[in-house]
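Participant: A structural model of the following input is requested.
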Amino acid sequence: MLKSTWGGAARVARGFFAAGLLAAAGGALAQPSGPPIRLLVGFPAGGGTDVIARTLAEKLKDELGTAVVVENRAGAGGQIAAQALKAAPADGHTLFLSHDHSISILPLVVKSPGFDSARDFVPVAGFATFANALAVSGGTPAKSVNEYVAWVRKERGGKDTIGVPAPASIPEFLVKLIGAKYKIDVQAAPYRGSAPMLADMLGNQISAGIGSIPDFIENQKAGKIRVVAVIGDKRQAVLPQVPTFAELGLSGLEDLPYYGIFAPVGTPQPVIDRFGVALAKVLKMPDVRERLTAMGLTVEFMPQGQFAGRVRSYTQTWAQIIKNSGFQPQ
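Facilitator: This is a model prediction of the structure:
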């Protein structure tokens, strides 16, 4: 399980940030003439996380007075981006926009991920929660989980492959839980992000996939795929007709994943505070909230302390689920 050292990490300073920069403009991250802020994203361009990052970056540049450049470091479920964050100077010019998988799950399922989230990173702020979902491809006639299960039994001899955006991810554990509940032989097919998984779903190369609602929502609206179940303790506002797994009798999936911003440990506190203030302002903008909500996010600004606690509790919940599954870190 991850060490709970977020609070102390936030106060560690390494001296990378120039004193003049901290003093200028009330501690702003950078002046207009300063270097840009790199916002690392651990998944390919075109996926849900990339779109979210670019939506926020466009507005943050005005609030922070400097360019915010999204840098895709795709691969290994965000592991490459996380390693890049660890290697970056703690000067406020490299940040990581990530959901739960890279921060909470990877250190639980990979023996040597190349980083320790609690030791190497400091949460800056959270900005949303979201739901993972099971979706069926357009070539699959099913319109519900029960219809999908019946189709697998009749047309596939009780066996099927379900795409997931990354190996040893929450979607992969969901595949195992679905197989166990409905007594069908379903295997996870890991991809390098949601974009290639969706491409195969749209091409009917795989009959189903599990990913986040932000990954699925546009194709769901277009009728190209059909979301048939979501995690969480209540239905999602963007998909009110879709039941939760709990409604279908699969409990234990009520804790929703998060999205947030992380910095290298040692980043000066005034820098973290300044970015948090800017993010809070951006999230209040009607056009930003509308776009993120339409993607299936529940927009909620979480200041540093609250977000750090959210990350800890979520990590502990899934550490127990993964342990109970018998999964061994690889």
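Participant: now the strands for the stretch 101-250 of the chain?
Facilitator: Secondary structure of the stretch 101-250 of the chain (DSSP state E, counting those that start in this stretch): strands at 121-129, 132-137, 159-164, 185-190, 208-212, 225-230.
Participant: need those in JSON lines with distance to A87, mean neighbour count and mean pLDDT, can you?
Facilitator: C-beta coordinates here come from the backbone N, C-alpha and C atoms, glycine included. Below are the strands of the stretch 101-250 of the chain laid out as JSON lines (distance: least, C-beta to C-beta, whole Å; neighbours: other C-beta atoms under 10 Å; pLDDT from 0 to 100):
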{"stretch": "strand 121-129", "distance to A87": "12", "mean neighbour count": "25", "mean pLDDT": "98"}
{"stretch": "strand 132-137", "distance to A87": "30", "mean neighbour count": "26", "mean pLDDT": "97"}
{"stretch": "strand 159-164", "distance to A87": "28", "mean neighbour count": "22", "mean pLDDT": "97"}
{"stretch": "strand 185-190", "distance to A87": "25", "mean neighbour count": "17", "mean pLDDT": "97"}
{"stretch": "strand 208-212", "distance to A87": "27", "mean neighbour count": "27", "mean pLDDT": "96"}
{"stretch": "strand 225-230", "distance to A87": "36", "mean neighbour count": "24", "mean pLDDT": "98"}
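Participant: now the phi/psi pair for the spatially most central residue of the chain, please.
Facilitator: The centre of the chain sits closest to H99, judged by C-alpha atoms, centre = their mean, with a distance of 2.3 Å. Backbone torsions for H99, taken as degrees, to the nearest 10, come to phi -100, psi -170.
Participant: how about G260?
Facilitator: The phi and psi torsions at G260 (degrees, to the nearest 10) take the values phi -160, psi -180.
Participant: which residue packs closest to it, ignoring adjacent ones?
Facilitator: Nearest residue to G260 in three dimensions, chain neighbours excluded: G126, at 3.8 Å (C-beta to C-beta, 6 or more residues apart in numbering).
Participant: look up how far I103 lies from that neighbour.
Facilitator: From G126 across to I103, the span is 11 Å (C-beta to C-beta, to the nearest Å).
Participant: picking that back up, I'd say the residue nearest to G260 and V299 touch.
Facilitator: No: using C-beta atoms under 8 Å as the test, G126 is too far from V299 to be in contact (10.4 Å).
Participant: number of residues surrounding the spatially closest residue to D255 that is not a sequence neighbour?
Facilitator: Once flanking residues are discounted, D255 sits nearest to T317: 5.1 Å by C-beta to C-beta, 6+ apart. If you count neighbours by other C-beta atoms under 10 Å, T317 ends up with 14.
Participant: now E247
Facilitator: Around E247 there are 14 residues (other C-beta under 10 Å).
Participant: N324 too?
Facilitator: Around N324 there are 9 other residues, counting by other C-beta under 10 Å.
Participant: pretty sure it sits in a helix.
Facilitator: Yes: judged by DSSP: H, G, I helix; E, B strand; the rest coil, N324 forms part of a helix.
Participant: I217 reaches A294, doesn't it?
Facilitator: Yes: judged on C-beta under 8 Å, I217 makes contact with A294 at a distance of 7.2 Å.
Participant: make a markdown table out of the strands of the stretch 101-250 of the chain and add distance to I261.
Facilitator: As requested, the strands of the stretch 101-250 of the chain are exported to a markdown table (distance: least, C-beta to C-beta, whole Å):
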| stretch | distance to I261 |
| --- | --- |
| strand 121-129 | 4 |
| strand 132-137 | 21 |
| strand 159-164 | 25 |
| strand 185-190 | 26 |
| strand 208-212 | 17 |
| strand 225-230 | 25 |
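Participant: to K59, which of those strands lies closest?
Facilitator: Of all the strands of the stretch 101-250 of the chain, strand 121-129 sits nearest to K59, with 11.7 Å by C-beta to C-beta.
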